[in-house]
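# got a sequence here, can you build the structure:
(chains A and B)
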Number of protein chains: 2
Amino acid sequence: MLYIIGLGLADERDVSVKGLEIIRRAERVYLEAYTAILLVDQSQLESYYGRPIILADREMVESKSDEILSGALEKDVAFLVVGDPFSATTHTDLALRCRQHEPSIPTRTLPNASILTAVGATGLSLYSFGQTVSMVFFTDTWKPSSFYDRIAENASLGFHTLVLLDIKVKEPDLKALARGKIVYEPPRFMTVDQCASQMIEIEGERKQGVCANGKLAVGVARLGNADQQIIAGTLEELASADLGRPLHSLVLCGTKMHDMEWEYVREFAIDQAKFDSIWKAEYAGKG
Amino acid sequence: MLYIIGLGLADERDVSVKGLEIIRRAERVYLEAYTAILLVDQSQLESYYGRPIILADREMVESKSDEILSGALEKDVAFLVVGDPFSATTHTDLALRCRQHEPSIPTRTLPNASILTAVGATGLSLYSFGQTVSMVFFTDTWKPSSFYDRIAENASLGFHTLVLLDIKVKEPDLKALARGKIVYEPPRFMTVDQCASQMIEIEGERKQGVCANGKLAVGVARLGNADQQIIAGTLEELASADLGRPLHSLVLCGTKMHDMEWEYVREFAIDQAKFDSIWKAEYAGKG
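Numbering: from 1, shown residues only, chains lettered A, B, ... in the order given. From the prediction side, this is the model:
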């Protein structure tokens, strides 16, 4: 059996009791380590779980899944995913491979907390979110802006948008690669201020107002951890906010935002008077 | 400190290790028992957690929250919520009361699996869902149809819609009440077939095609549990499907459904040839 086990968001004790039992008895334990990270080191997981962990990078999952699935017909293999397994496409990919295997390998998924729901800590109603959007690191020559169209769709119906921020782990250093060496760049995690700045940059091109300076947004960091941080303000304010170490996410507020959501989220405002005045002028009663 | 702790979806071992530690040391333990249920009895929770549990019904949470919060400044009180705390408005409500308390009571929330993400087990991408909709039990004289407008909004952008199904626990028997007696009706949980039938019924009034007989949908039951069940088909097919004991939910598919989603979800089809032919004619490439 392949068990795909969600670890939750913060540390080694966010796994479910059921998940922990499976990890401790599994033949091999893999950790998906390229779409999200926990806030603790691999060694801390290994010591708490009492098991060695094999890091599964993108290449292993996408090209060497036979290795992961090896022996899973007879024994239990645990594949750990930060957050909830269904919130990443890795899961569907692996589960499809198990299905296509001859004979097919049974799988079981253990759900857990996800950023998709933990973002409810902002006070924004999870029932009023539209589609989820990803934001990648812009380079000088590559500034993909399809996120803007998706946010515009959500905004047209007053939905909030959760923006998931880029993570670069184990990226080859292109200059070293050109010299025939494989060197990995240090990991990078997009921050709320970088995301807000990129949104404002694309607004400058598109000019539909969807990501204008004065739009209300909420930045979150390390949700689910004791030191989680939530900050609300305009996109412009968030573009110079510092929420500390990763992981960060951003929510752009929609006009469906209800009074009760506003009452809750305004407590996180950088400038509460400003937040309230924009809310009253441009959001309240507009959903 | 008030700890609001998500229990996950299925049984007593879906709580996180961290949550279990807090439950075991808390002064008092409450269980929110009116917006969702676990698949096990209270006695099973109590015996596993090693703690007595106070059932918190709607009246207690909404009118007697002082009782729940009593002593929470000095001691730890655990308030357990099935699924994820942020997925129910109970959380925001209680957290606001803690904030307004003089002096304010610190709270901490432990996220967990939610139906909002566990529904990813269908293979449908969680990133392509629009707003979430609730379906209540119709009566002869009360058939609220605002869900139809919300689904129509989602459908206009090709989003999937998660429909959460009504739960009636501890509802007073109105006939007994008229005789001056408080008697509670047996608990009722809406099923996928009832939901699909109600959607088709409202389609008959609205006639916009949003909930037409032939729309593709997925019914789920007991997600996260070993006996979880997933069935895909037309709304008409789902209207006569039997997914067994609660809890059930339903997803109406949007045209954004990607090839990879289709490849996964079709395995759950009641009639795969029919599912594929509708997908090809009305969904594929239409998002």
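# give me the nearest residue to A:Ser197, chain neighbours excluded.
Distances taken as Cβ to Cβ, 6 or more residues apart in numbering or on different chains put A:Ala239 closest to A:Ser197, at 4.6 Å, once the chain neighbours are dropped. For every residue, glycine as well, the C-beta is placed using N, CA and C.
# in chain A, which residue is closest to the centre?
In chain A, the residue lying closest to the centroid (Cα atoms, centre = their mean) is A:Leu164, at 4.9 Å.
# pLDDT on the top helix by length along chain A, on average?
Criterion DSSP state H: the longest helix present in chain A is helix A:192-206. For helix A:192-206, the mean pLDDT works out to 98.
# before we move on, what about stretch A:238-253?
Across stretch A:238-253, pLDDT averages out at 97.
# buried set for that stretch?
Applying a neighbour-count criterion of 16 or more other Cβ atoms under 10 Å in any protein chain shown, one finds A:Leu238, A:Ala239, A:Ala241, A:Leu243, A:Pro246, A:Leu247, A:His248, A:Ser249, A:Leu250, A:Val251, A:Leu252, A:Cys253 buried in stretch A:238-253.
# same question for stretch A:183-198.
The neighbour-count check on stretch A:183-198 (16+ other Cβ under 10 Å) flags A:Phe189, A:Met190, A:Thr191, A:Val192, A:Asp193, A:Gln194, A:Cys195, A:Ala196, A:Ser197, A:Gln198 as buried.
# can you get me the start-to-end distance on that stretch?
Terminal residues of stretch A:183-198 lie 28 Å apart, using Cα to Cα, to the nearest Å.
# coming back round to it: quick check: closest non-adjacent residue to the residue nearest to the centre of chain A.
Taking Cβ to Cβ, 6+ apart as the measure, A:Leu164 lies nearest to A:Ser134, with 5.0 Å between them; neighbours along the chain are not counted.
# does stretch A:26-40 reach chain B?
No: no part of stretch A:26-40 sits close enough to chain B to count as contact by Cβ under 8 Å from any Cβ of the partner chain; the gap is at least 12.4 Å.
# for that stretch, measure first residue to last.
End-to-end distance for stretch A:26-40: 22 Å, by Cα to Cα.
# could you pull out the helices for the stretch 51-200 of chain A?
All helices of the stretch 51-200 of chain A, identified by DSSP state H, counting those that start in this stretch, fall at A:58-63, A:65-69, A:89-100, A:115-118, A:146-156, A:174-178, A:192-206.
# and of those helices, who's closest to A:Gly8?
Across those, A:Gly8 has its closest neighbour in helix A:115-118 (8.9 Å, Cβ to Cβ).
# list the contacts of that closest one.
Residues from elsewhere that reach helix A:115-118, judged by Cβ atoms under 8 Å, 6 or more residues apart in numbering or on different chains: A:9, A:36, A:83-84, A:87, A:126, A:132, A:162, A:164, A:223-224, A:247, A:249, B:84, B:86-87, B:111, B:114, B:116-117, B:126.
# quick one: mean pLDDT for it?
Rounded mean pLDDT across helix A:115-118 is 95.
# next: stretch A:210-218.
98.
# what is the neighbour count of the residue nearest to A:Leu164?
Applying other Cβ atoms under 10 Å in any protein chain shown, we find 14 residues neighbouring A:Ser134.
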